[in-house]
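> sharing a model prediction with you, sequence too.
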Amino acid sequence: MGIGYRDLAALLREAIQRGDYPEGSTLPKQDEIATEHGVNINTVRQAVRVLEAEGLVTPVRRRGTVVRPRVAMRRLGIDRYAKSKWKSGLVAFAADREATGRLSTANRISP
């Protein structure tokens, strides 16, 4: 029995974390990954979706699957729960993401 999409996602995740695919680089084409690991293309697509959901990669049209930069999450601490944040429409988890630069002000909740 071949490997499943979770196993393939784990292999690709490890390769990304090891630096085999540095930030900004593209993963091999999906048919190449399928051939290399002896799986069908649907297994590769599911594995890539897992990595995308984890924030490790982003599909870019006409370029392929690009490895995303890893930005450390900056925690604001207890201040993120301050009423001033809620009045401006910024909830706690979004406040952390905005402080890290991973959330634009366009994503704020309107009051």
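Good, I have the coordinates.

> what residues are up against the closest residue in space to Thr65 that isn't next to it in sequence?
Excluding its sequence neighbours, the residue lying closest to Thr65 (Cβ to Cβ, 6 or more residues apart in numbering) is Leu27, at 4.4 Å. Bear in mind the C-beta positions are built from the backbone N, C-alpha and C, glycine included. By Cβ atoms under 8 Å, 6 or more residues apart in numbering, the contact set of Leu27 is Leu12, Tyr21, Ile33, Val48, Val57, Gly64, Thr65, Val66, Val67.

> for Ala47, same thing?
Contact analysis of Ala47 by Cβ under 8 Å, 6+ apart lists Tyr5, Arg6, Leu8, Ala9, Leu12, Ile33.

> out of the contacts of Leu27, name the ones that lie in helices.
With helices taken from DSSP state H, the overlap with the contacts of Leu27 comprises Leu12, Ile33, Val48.

> correct me, but the last one touches Thr65?
Yes - counting by Cβ atoms under 8 Å, Val48 does reach Thr65; the two are 5.7 Å apart.

> overlap in contacts, the two.
Leu27, Gln30, Val57, Pro59.

> quick one: buried residues of stretch 42-61?
Buried positions in stretch 42-61, judged by neighbour count with 16 or more other Cβ atoms under 10 Å: Thr43, Val44, Ala47, Val48, Val50, Leu51, Leu56, Val57.

> can I get those in TSV with distance to Ile16 and pLDDT?
Output for those, formatted as TSV (distance: Cβ to Cβ, whole Å; pLDDT from 0 to 100):
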residue	distance to Ile16	pLDDT
Thr43	18	96
Val44	15	96
Ala47	12	96
Val48	12	96
Val50	12	95
Leu51	8	95
Leu56	6	93
Val57	8	95
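
> now rank the contacts of Leu27 by neighbours and give me the top one.
Leu12 (25 neighbours; other Cβ atoms under 10 Å).

> surely that residue meets Arg49?
No - between Leu12 and Arg49 there is no contact under Cβ under 8 Å: 11.5 Å.
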